[in-house]
Structure formats: structure tokens, C-alpha cells
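Sequence plus the predicted model coming up.
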Amino acid sequence: MDRELPRSKTLSQIARSTGAIPTRISEIAKGVDLLVVAIPMKSVAALPKDLLSGLPATSPVIDTANYYPLRDGKILEIEGGMIESEWVSHMLGRPVIKAFNNIVADSLVHRSFPKGEKNRIALPVSGNDARSKQIVIDLLDKMGFDAVDAGPLSESWRYQPGTPAYCPDPTIRQLPLLLRKAKRDKASGNRDQAAKIMAKLPPDFSPQELVRVARLSAGLDTFKPRSWIAALRLGYTALRAA
Ligand SMILES: NC(=O)c1ccc[n+]([C@@H]2O[C@H](COP(=O)([O-])OP(=O)(O)OC[C@H]3O[C@@H](n4cnc5c(N)ncnc54)[C@H](OP(=O)(O)O)[C@@H]3O)[C@@H](O)[C@H]2O)c1
């Protein structure tokens with residue numbers, strides 16, 4: 001598959017505002033220092049098989065994907081117990097580093113902070129290659145986020161949808177406990193229930209309200225009224241949607 005050079009208005013606007021350079025998918029990996037795969041999970045299987053052939057062996061690949069069967073359809077290997085990022089790695093034919101999947105885009109853009117700031121968000125990074133992981137940890141620091149080494153890729157389920165570490169914008173003091181609290185047998189049920197509610201949310205339910213609800217569900221901010229108001233709004237939506 002070799003998609004035409006994109007010319008949509010949206011893409012050219014993004015290019016203008018970020019300095020990103022749109023290119024053909026067949027050119028995307030050639031000679032780059034780092035590749036970030038940020039497409040819906042269902043599209044990963046459709047990527048060209050030789051996509052990464054031009055990628056230098058030392059360049060890490062970051063997988064940002066989350067598996068939502070309601071959106072992506074059922075992926076049998078994952079339903080059978082394969083870890084999501086291990087499936088992505090298998091599809092790409094390359095080791096991957098799992099990062100950025102558990103932060104909403106709004107926080108990624110608007111909630112970066114200088115090192116040492118008390119509310120600086122920490123993100124988990126997992127993978128099997130220590131050097132690649134360190135490159136991603138350094139990148140996060142430059143972008144304004146702390147990082148926690150969350151172990152090998154086999155542990156990346158600890159911050160997939162349906163776990164306490166999924167999108168609560170934790171600090172570096174809070175994140176390790178949230179990763180430890182993850183329960184694998186509960187995650188997919190929580191994820192599917194959340195996906196059903198999310199599909200019914202009113203357009204004015206903001207990304208930061210979602211973060212407040214995620215924090216409350218993770219046991220954070222239990223004394224903050226704004227968090228409870230967001231949770232009540234979400235609960236009301238869920239009841240109406242039922
Ligand atoms: N959005 C978030 O806040 C967020 C946060 C954390 C993790 N994630 C995860 O990151 C992944 C991407 O999320 P997103 O919200 O950015 O998704 P998205 O907006 O639906 O899609 C991102 C891009 O993927 C491209 N794409 C889709 N299929 C493709 C294919 N077969 N080949 C090449 N490009 C393809 C689309 O390009 P075209 O428009 O040209 O088709 C689109 O620009 C998902 O797994 C998501 O769960 C998202």
C-alpha cells in the first residue's frame with residue numbers, strides 16, 4: 001500500500017501549525033532516528049509489510065496504540081491473551097517501546113511542565129531494549145514529562161485501557177502504585193464498559209473532565225469537588241445511555 005501524498009486541508013493545517021512534513025507512507029521510516037506509530041490498532045495490520053525496511057536498526061519504534069474492540073473489531077490473538085504491544089511488535093516485525101498510550105491528547109499538548117514542577121505528569125515506558133527505552137525516556141523529559149521504566153513489554157498491560165494508570169495524569173510519585181494496582185483479569189471488562197459510556201458522552205464533556213474521572217477511579221483527588229462533579233456527569237450519562 002502506498003498512499004498518495006496527503007493533500008487534505010486538515011493535514012496541511014497541522015503541517016503549518018506544527019512544522020511536521022507530510023510524506024508518503026513508503027518513505028516514512030527511511031533513515032529516521034525514531035518512529036512513532038500512532039494509528040488506530042485495526043489499521044496496524046493493514047500497514048505495508050516492508051514499512052520498516054528503511055529504518056536504521058538502532059532507531060526505536062514507539063507504539064502508542066490502545067485496543068478497543070468496539071472500535072477496532074476483535075483481534076483474535078489479543079482476545080486469546082497476547083499483550084497488545086506484543087501483537088503490534090509482531091505485526092511490524094520489530095521490537096517496540098510502549099509509550100504515550102495512557103495520556104489524552106489534550107494533556108500531551110497542554111500539560112507539559114518543566115522538570116521538578118510538582119504537578120509534572122509521569123508516563124510509563126516499557127520495552128525489551130534498555131537503550132531504546134532510555135531514548136524514549138529522554139524524549140519525554142524534553143517534551144515536559146517525567147517517565148517511569150515500567151519493565152519489559154510483557155508488563156505493558158499495566159497501563160492499557162481499564163487499568164488505574166490509564167489517563168489519570170499521575171505524578172512520578174503516584175504512577176508506580178497505580179501500575180502495581182492493575183488487575184489483568186478486570187482490565188478488559190472495565191475498558192469495554194468505559195468505551196460504551198464514552199461513545200455516549202456529550203460533545204461538551206471536556207478531555208480534562210475525563211482525566212478528573214480517571215484520577216478519581218484510580219483513587220486520586222478524592223477530596224476535590226470538581227472531580228466528583230465530573231464523575232456525576234459521567235454517571236448520569238451512563239444511566240441515560242443504559
Ligand atoms: N487521541 C488520543 O488522545 C490518544 C491518546 C493515547 C493513545 N491513543 C491511541 O493512539 C492511536 C492513534 O490515535 P488517534 O486518536 O491519533 O487516532 P486517529 O485520529 O483515528 O488516527 C490517527 C491517524 O491514523 C492514520 N491512519 C489510519 N489508518 C491508517 C493506515 N492504514 N495507514 C496509515 N495511516 C493510517 C489516519 O490518517 P488518515 O486520516 O489520512 O486516514 C490518522 O491521521 C490509537 O490506537 C489510540 O487509541 C490516542
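Right, received. Where do you want to start?

need the residues of this protein near the ligand, please.
Counting by Cβ under 6 Å from any ligand atom, the positions of the chain adjacent to the ligand are 6, 25, 38-41, 43, 46-47, 64-66, 101, 104-105. C-beta coordinates here come from the backbone N, C-alpha and C atoms, glycine included.

Swap in 8 Å and give it another go.
The chain has residues 1, 3, 6, 8, 10-11, 25, 38-44, 46-47, 64-68, 71-72, 100-106, 108, 167, 207 near the ligand, with proximity defined as Cβ under 8 Å from any ligand atom.

Let's see which of the residues you listed end up in strands.
Residues of those located in strands (DSSP state E): none.

List only those of the residues you listed flagged as buried.
Buried by 16 or more other Cβ atoms under 10 Å: 41-42, 44, 47, 64-68, 72, 100-104, 108, 167, out of those.

where do the helices sit along the chain?
Taking DSSP state H, the helices of the chain run over residues 9-18, 41-44, 69-72, 76-79, 84-92, 105-110, 130-143, 175-181, 184-200, 207-217, 225-241.

Can I get the first one as CSV, trimmed to CA atoms?
Taking Å, rounded to 0.1, in the frame of the first residue of the first chain, the C-alpha atoms of helix 9-18 are listed here in CSV:
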residue,chain,number,x,y,z
LYS,A,9,-7.0,20.8,4.4
THR,A,10,-6.7,19.3,7.9
LEU,A,11,-3.3,17.8,7.2
SER,A,12,-1.9,21.0,5.6
GLN,A,13,-3.2,22.9,8.6
ILE,A,14,-1.5,20.5,11.0
ALA,A,15,1.7,20.8,8.9
ARG,A,16,1.6,24.6,9.1
SER,A,17,0.9,24.7,12.9
THR,A,18,3.5,22.1,13.9
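
Give the other helices and strands that that helix contacts.
In this structure, helix 9-18 packs against no helix or strand, with contacts taken as 3 or more Cβ pairs under 8 Å, 6 or more residues apart in numbering; DSSP states H and E.

centroid residue for this structure?
Centroid-nearest residue in the chain: residue 101, 0.9 Å away (criterion: Cα atoms, centre = their mean).

quick one: contacts for that residue?
Applying Cβ atoms under 8 Å, 6 or more residues apart in numbering to residue 101 gives the contacts 63, 64, 65, 66, 159, 160.
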